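J.: Build me a model from this:
(2 chains)
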Amino acid sequence: MAGGTTQPAAAARVRRATTETALVRWILITVGVLFIALVLVLPLISVFMEALRGGFATFFQAVANKDTWQAVRLTLLVAGIAVPLNVLFGLSAAWAIAKFDFRGKSLLVTLIDLPFSVSPVISGLIYVLLYGANGWFGPFLKELDIKIIFNVTGLVLATIFVTFPFVARELIPLMQEQGRDEEEAAISLGASGWRTFWHVTLPNVAWGLLYGVLLCNARAMGEFGAVSVVSGHIRGLTNTMPLHVEILYNEYDFVGAFAVASLLAGLAIVTLVAKSLLEWRYGDRLAGGRKH
Amino acid sequence: MGAIASYLSGGFRRPSVLPGFGITLGFAVAYLSIIVLLPLSALVLRPATLGISGFVDVLLDQRVLAALRLSFGAAFIAALINAFFGLIVSWILVRYDFPLKRVVDALVDLPFALPTAVAGIALATIYAPNGWIGSLFAPLGVKIAFTPLGVLLALIFIGLPFVVRSLQPVLQDLDREVEEAAVSLGASRWQTFRLVILPAILPALLTGFALAFARAVGEYGSVIFIAGNMPLVSEIAPLLIVIKLEQFDYAGAAAIGVIMLVASFLILLVINLVQRWSRRHEEH
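T.: Below you'll find the model as predicted:
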């Protein structure tokens, strides 16, 4: 190694050589930040500005509306059913895939990602084709007097579909990274399978699970296209918050539309902040590629 | 050999001391079948009731062709624009320091978190002739909202994070010693970027492009408010599916859906091939 005085100088020379001039750096940062500001931040700000256009009193009036509250309650109900079911699925799939070797595993992993490559509208369409009046099971359901499409059940099914991969795709790589040694040790020491899962596996994946739930919930509460197709837009019955935004907007009630939209935008901001905190604080305990 | 032997003797799974294989795999496969596979098979089989000629008739309809052209065309251009700006954004996030960098980084995911309907009405309002940006262009005779240009802007909004999040980890792992070697061999910074850095990140850039493209083709919520939805001009394919459903033309809706689904599978296939190809190159 060279002497102590030349080493920093050489390092500085290399650093200069492998970065851009100050001018290029400045231009790139300006272009990048301006693009983000124009394309992403401006729409976000406009949601709140439009919601408050008529002042706080009008805003609260729009939010306190009876239809709005029913939409909020329905959104919470749908997400409250869809998210736990997908958590159960994610945990099951990740346990089977990460802790065992079996044939067809990679096919299963591929199929789990499938819903992400399907258009939201098609995600709703497929359930209409199954359970709609002219669908495969339509006549059968009519005989039993069971309504799925244009009903809460349809909303839940479509929401489960579009949020299907979130928890599983976070847990599978994480559990695979962690291997099986700890679980095998627990079992060979006499712990039951359930106890091993509860005390060994779950604490190891807790932050990853929370991360997956966060993203799953944001999408479940905000989904528009898929639920729009199966909802039938019945006020007070099948109107989730995003659908309510559309109805108000199409009725030219812009303050009302943006007031409800601002609640959803608030949820998005909370999700982003929580997600970033998880990445900074517990990045090493999330699946690879999320480390900051 | 041992693995093969146990496969042959123990059926399709290798023995393990851990419990719960049957119940977890059973539940996962049953849930997957009910939620994903059965409904998707209904989509694939439904257009069969039209027969081949009926299927072709649906697709050759002027309005359907125009909608598919707009959806795929605008998605392609939006993904190209996102690839360019996404490269700049991920580059400055990985390589440089600047104020509020962490906030900018977190904001990149906004299109994932913000409900599409919210983005849709916000974009429509901003780019309307009397909106913040629309009013700047209106005097020049340029209409953005309620034209194909508006569709393009909405697709740029929702596609950006795919490019940035594909590129970031690859840029982070890039070996700086290779760049130093290039410099010491007399390469200029631009040559180093073009001949050393760009080939290394190209697979990730293509992946990000393809993901943004695939998402944009099927996008609905953020587009319909700003598009104006004029048949043959600014009507996207997913909206046409909704319209056909409202007319109870299930088979017609499914036919358009199948075409879009096939297209996104082809895109995913290309992604997989690109990734496999780049992995092979890394090994050599």
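J.: Domain boundaries for chain A, per the record?
T.: Domains of chain A are assigned by automatic domain parsing as A:1-51, A:57-285.
J.: What residue in the stretch 1-150 of chain B comes nearest to chain A?
T.: residue B:115 (2.9 Å; CB to the nearest CB). Backbone N, C-alpha and C define where each C-beta goes, glycine included.
J.: Rebuild the domains of chain A as JSON lines, extending it with mean neighbour count.
T.: Output for these, formatted as JSON lines (neighbours: other CB atoms under 10 Å in any protein chain shown):
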{"stretch": "domain A:1-51", "mean neighbour count": "15"}
{"stretch": "domain A:57-285", "mean neighbour count": "20"}
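J.: which stretch in the ones you listed is the model least sure about?
T.: For the domains of chain A, mean pLDDT drops lowest on domain A:1-51, to a mean of 82.
J.: which residues does residue 215 contact?
T.: If you meant another chain, say so; for now it's chain A. Going by CB atoms under 8 Å, 6 or more residues apart in numbering or on different chains, residue A:215 touches A:166, A:170, A:271, A:275, B:112.
J.: wrong one, chain B
T.: The contact partners of residue B:215, by CB under 8 Å, 6+ apart, come to B:158-159, B:162.
J.: any idea which of those is closest to residue B:235?
T.: residue B:158 (18.2 Å; CB to CB).
J.: Quick check, pLDDT for the closest one.
T.: Confidence at residue B:158, expressed as pLDDT, is 96.
J.: What residues does it make contact with?
T.: When contacts are taken as CB under 8 Å, 6+ apart, residue B:158 is in contact with B:111, B:116, B:119, B:215-216, B:219, B:222.
J.: Can you tell me which of these end up in helices?
T.: B:111, B:116, B:119, B:215-216, B:222 (DSSP state H).
J.: Skipping its backbone neighbours, what lies nearest residue 170 in space?
T.: All of this refers to chain A. Take residue A:170 and drop its neighbours on the chain: the residue closest to it by CB to CB, 6 or more residues apart in numbering or on different chains is residue A:212, 3.6 Å away.
J.: Please refer instead to chain B.
T.: That would be residue B:204: by CB to CB, 6+ apart, it lies 4.1 Å from residue B:170.
J.: The one you found - how many residues pack around it?
T.: 22 (other CB atoms under 10 Å in any protein chain shown).
J.: go on, residue B:244?
T.: 21.
J.: residue contacts, it?
T.: Contacts of residue B:244 (CB under 8 Å, 6+ apart): B:250, B:252-253, B:256.
J.: separation between it and residue B:111?
T.: Distance, residue B:244 to residue B:111, using CB to CB, to the nearest Å: 28 Å.
J.: and what of residue A:94?
T.: Residue A:94 is 27 Å from residue B:111, by CB to CB.
J.: Look at residue B:66 and tell me its secondary structure.
T.: Secondary structure for residue B:66, judged by DSSP: H, G, I helix; E, B strand; the rest coil, is helix.
J.: sorry, that was for residue A:237
T.: coil.
J.: contacting residues for it?
T.: With contact set as CB under 8 Å, 6+ apart, residue A:237 has these partners: A:151-152.
J.: pretty sure residue A:262 contacts residue A:46?
T.: No. Assessed by CB atoms under 8 Å, residue A:262 is found out of contact with residue A:46, at 10.3 Å.
J.: okay, and for chain B, where does confidence drop off?
T.: B:1-11, B:281-284 (pLDDT under 70).
J.: For residue A:186, what are phi and psi?
T.: Backbone torsions of residue A:186, given as degrees, to the nearest 10, read phi -60, psi -40.
J.: Please disregard the earlier target; I meant residue A:132.
T.: Dihedral pair for residue A:132: phi -70, psi 170, per degrees, to the nearest 10.
J.: Roughly how far does it sit from residue A:150?
T.: 9 Å.
J.: Likewise for residue B:143?
T.: 36 Å.
J.: for the residue nearest to residue A:77 when sequence neighbours are not counted, what are its contacts?
T.: Counting by CB to CB, 6+ apart, residue A:152 is the residue found nearest to residue A:77 once chain neighbours are left out, at 7.1 Å. Shown in contact with residue A:152 (CB under 8 Å, 6+ apart): A:74, A:77-78, A:237-238.
J.: How about residue A:123, nearest residue that isn't a chain neighbour?
T.: residue A:226 (3.9 Å).
J.: rewinding a little: how many other residues sit next to the residue of the stretch 1-150 of chain B closest to chain A?
T.: 24.
J.: any chance you could read off phi and psi for it?
T.: According to degrees, to the nearest 10, residue B:115 has phi -50, psi 140.
J.: who's residue A:102 bridged to?
T.: Assessed by DSSP bridges, residue A:102 has beta-bridge partners residue B:13.
J.: for it, what are its contacts?
T.: Going by CB under 8 Å, 6+ apart, residue A:102 touches A:96, B:12-14, B:21, B:25.
J.: Can I get the buried part of these as one ChimeraX selection?
T.: To isolate the buried subset of the contacts of residue A:102 in ChimeraX, counting by 16 or more other CB atoms under 10 Å in any protein chain shown, use the following:
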select /A:96 /B:13,21,25
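J.: isn't the residue of the stretch 1-150 of chain B closest to chain A right up against residue A:225?
T.: No. Using CB under 8 Å, residue B:115 is not in contact with residue A:225; the gap is 10.4 Å.
J.: quick one: common contacting residues for these two?
T.: In contact with both residue B:115 and residue A:225: residue B:221, using CB under 8 Å, 6+ apart.
J.: Now do the helices in the stretch 51-200 of chain A.
T.: Along the stretch 51-200 of chain A, the stretches classed as helices by DSSP state H, counting those that start in this stretch are A:55-63, A:66-99, A:105-113, A:120-131, A:138-144, A:152-162, A:165-178, A:181-188, A:193-196.
J.: and residue A:232, backbone torsions?
T.: phi 80, psi 0.
J.: Now do the contacts for it.
T.: Per CB under 8 Å, 6+ apart, neighbours of residue A:232: A:149-150, A:238.
J.: Same question for residue A:129.
T.: Residue A:129 makes contact with A:135-136, B:39, B:42-43, B:46, B:250, B:254, according to CB under 8 Å, 6+ apart.
J.: about what we covered before: could the domains of chain A go into TSV alongside distance to residue B:79?
T.: Formatted as TSV, these follow (distance: least, CB to CB, whole Å):
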stretch	distance to residue B:79
domain A:1-51	14
domain A:57-285	15
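J.: name the element the residue most central in space within chain A belongs to?
T.: Ranked by distance to the mean C-alpha position of chain A (CA atoms, centre = their mean), the top residue is residue A:215 at 2.7 Å. For residue A:215, the host element (DSSP states H and E) is helix A:202-222.
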